[in-house]
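Build me a model:
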Amino acid sequence: MLNKIQFHIHENEQEQQQIEEEVAKLIQQRHHHGVEAFKRYIPNLLTSLSSNRTRSATVFCNKLGNINIIDYRTGNVLYGLHPEQESKEHIISAISRAPIINISDDNENLDSAELLVILGLGLGYFLSDLIEKRKYKYIVIYEPNEDYFASSISAIDWKSILRKANEANIALFLQINKDASELYNNIEELNQNFAVRGMAIYKHLNSPSFDEVERFLRSHQWEDMASWVPNRSMESSLVDYVPPWTLHIESGCWSDRYLNHDKKKNNLAALSNYFPDLYNEFSNYKPRIWMPVANPAGETNLCYETTGALFYTQSPSQEGKDSFTLFEQHPNKDGLILGYRGIKLRNYLHYSCLLYTSPSPRDS
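Residues are numbered from 1 along each chain as shown. The predicted model follows:
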């Protein structure tokens with residue numbers, strides 16, 4: 001996905017400023033009403049909304065007038081150009097294939113769930129429709145990034161959401177600053193008070209902890225969760241890095257059966273002719289982490305084999321063209337970062353040299 005901020009703001013600064021001014025009133029209004037709503041319904045979360053806190057992520061208005069999240073540290077945005085539409089389509093697709101987990105003492109197969117556990121709130125664009133459908137009596141949301149929750153106050157109508165949930169007797173539990181590592185204890189406590197039987201899991205955002213929980217529950221019984229020990233290492237290797245927001249392989253017609261094997265043969269033949277060393281390395285290569293998939297139109301994507309997350313959106317070729325066009329117009333904006341202290345790029349020669357030559361804090 002093209003998640004650099006340059007792809008999401010208007011190239012004309014004056015037009016971008018005008019768009020932001022038009023949306024600013026709505027953002028301020030929703031923030032004010034949201035804070036007031038939490039004062040009434042969930043006052044213990046007000047500390048997470050304090051304006052005195054230092055934030056690393058906040059809302060911004062993109063060139064289409066849609067509200068998204070920008071991470072100051074990386075310059076990356078969370079969603080694509082249509083955050084609300086993307087979020088709503090994402091949850092519909094995910095819940096349609098989500099298994100029903102029996103968390104009661106019996107082992108019956110259940111046709112429906114009373115409880116929905118959501119891994120990742122993001123901006124929460126999916127919440128309003130979810131509440132209005134009244135499909136679940138209990139909704140538990142884990143959001144480890146407090147900045148995302150604080151940003152959602154300016155993006156969605158929390159006043160309406162909390163009021164409708166209260167009127168429909170839907171119990172909404174917001175686990176802010178929680179990564180679902182205590183999922184079993186939380187749900188068992190809920191079960192003791194309300195005698196819930198069926199549970200469904202919806203993963204809205206990617207993270208190592210969320211991926212681990214989802215993977216475990218798809219391959220084990222609920223009672224096995226009692227002895228589950230989460231992996232406390234939250235760092236991913238370069239090849240295992242997945243952005244927080246991605247589409248899933250089952251969200252479209254992506255499959256390895258649509259791959260163009262003739263194109264692969266032709267490319268290997270070209271490598272054999274011009275780069276024989278590369279040919280020898282890749283002629284019999286079998287992907288292990290990122291798997292190639294394609295759609296009926298012949299576009300190729302990459303799928304993270306462990307979770308099914310897609311590397312690109314539904315139009316990989318268009319993303320590639322858009323990326324090159326932006327670089328062609330603004331080549332200097334793809335410049336190297338001085339003073340980089342991140343993980344993702346540290347193995348590149350430039351950043352390795354920076355780390356080697358930069359003074360340590362003790363030398364300052």
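
show me what contacts Leu2?
Taking Cβ atoms under 8 Å, 6 or more residues apart in numbering, we find Leu2 in contact with Gly80, Glu319, Asp322, Ser323. Where you see a C-beta, it was placed from the backbone N, CA and C, and this is true even at glycine.

Which helix or which strand is home to it?
Here Leu2, judged by DSSP states H and E, is contained in no helix and no strand.

mind checking pLDDT for it?
Among the per-residue scores, Leu2 holds a pLDDT of 84.

and it, what are its phi and psi?
Dihedral angles of Leu2 (phi, psi; degrees, to the nearest 10) stand at phi -80, psi 90.

now swap in Leu121 and tell me
Torsion angles, degrees, to the nearest 10, at Leu121: phi -90, psi -40.

how much space between it and Trp254?
26 Å (Cβ to Cβ, to the nearest Å).

And Phe311, by the same measure?
For Phe311 relative to Trp254 (Cβ to Cβ), the value is 11 Å.

Look at the two and report which has more neighbours.
Neighbour tally, Phe311 and Trp254, criterion other Cβ atoms under 10 Å: the higher count belongs to Trp254, 24 against 18.

Nearest residue to that one in space, ignoring adjacent ones along the chain?
Val293 (4.4 Å; Cβ to Cβ, 6 or more residues apart in numbering).

For the one you found, list the residues it contacts.
Contacts of Val293 by Cβ under 8 Å, 6+ apart are Ile249, Trp254, Ser255, Asp256, Tyr258, Leu259, Thr300, Asn301, Leu302, Cys303, Leu310.

Tell me the secondary structure at the nearest residue to the third one once chain neighbours are set aside.
Spelled out, it's Ser255. Nearest non-adjacent residue to Ser255, counting by Cβ to Cβ, 6+ apart: Val293, 5.9 Å away. Under DSSP: H, G, I helix; E, B strand; the rest coil, the three-state class of Val293 is strand.

mind checking pLDDT for Val293?
96.

cool, and Glu108?
So Glu108 comes in at 80 (pLDDT).

So which elements touch the host helix or strand of Ile139?
Assigned by DSSP H and E, Ile139 belongs to strand 138-143. Applying 3 or more Cβ pairs under 8 Å, 6 or more residues apart in numbering; DSSP states H and E, one finds that strand 138-143 makes contact with strand 115-119, strand 171-176, helix 183-194.

pLDDT on the first one, on average?
Put plainly, it is strand 115-119. Mean predicted confidence for strand 115-119 is 98.

distance between the next helix or strand after that strand and the chain's centre?
On the C-terminal side of strand 115-119, the closest following helix or strand by DSSP H and E is helix 127-133. How far helix 127-133 lies from its chain's middle: 20 Å, per Cα atoms, centre = their mean, to the nearest Å.

Give me the most central residue, this protein.
Trp245 (2.4 Å; Cα atoms, centre = their mean).

mind listing what that residue touches?
By Cβ under 8 Å, 6+ apart, the neighbours of Trp245 are Met1, Asn3, Leu78, Tyr79, Gly80, Glu86, Gly122, Leu205, Asn206.

The last one in helix, strand or coil?
Here Asn206 takes the coil state, with states given by three-state DSSP.

Would you check that my belief about it contacting Asp240 is correct?
No: in this structure, Asn206 is not within contact of Asp240 by Cβ atoms under 8 Å, at 10.9 Å.

Mind checking which of the contacts of Leu2 are in helices?
Among those, the members found in helices (DSSP state H) are Glu319, Asp322, Ser323.

Would you mind measuring from the second one to Gly252?
Which is Asp322. 19 Å.

Between those two, which is the more surrounded one?
Per other Cβ under 10 Å, whichever of Asp322 and Gly252 has more neighbours is Gly252, with 16 against 13.

Quick check, that one in contact with Asn295.
Yes: the pair Gly252 / Asn295 is scored as a contact, 6.4 Å apart, by Cβ under 8 Å.

now for the lengthiest helix in the chain, which elements pack on it?
Scanning the chain for the longest helix, with DSSP H as the assignment, gives helix 13-41. Other elements packing on helix 13-41 under the criterion 3+ Cβ pairs under 8 Å, 6+ apart are strand 57-61, helix 146-155, helix 158-167.

Skip the chain neighbours and tell me the closest residue to His8.
His8 sits nearest to Asn62 (Cβ to Cβ, 6+ apart), 4.3 Å away.

same question, Ile141
Ile118 is the one closest to Ile141 (Cβ to Cβ, 6+ apart), at 4.5 Å.

List the buried residues in stretch 108-121.
Using 16 or more other Cβ atoms under 10 Å as the test for burial, stretch 108-121 gives Leu110, Ala113, Glu114, Leu115, Leu116, Val117, Ile118, Leu119, Gly120, Leu121.

end to end, how far does that stretch reach?
In stretch 108-121, first residue to last residue: 31 Å (Cα to Cα, to the nearest Å).

And it, how far out from the chain middle?
That offset, for stretch 108-121, works out to 19 Å (Cα atoms, centre = their mean).

Kindly report the same for stretch 243-259.
On the basis of Cα atoms, centre = their mean, stretch 243-259 sits 15 Å off its chain's mean C-alpha point.

same deal with stretch 90-110?
For stretch 90-110, the distance to the chain centre is 21 Å (Cα atoms, centre = their mean).
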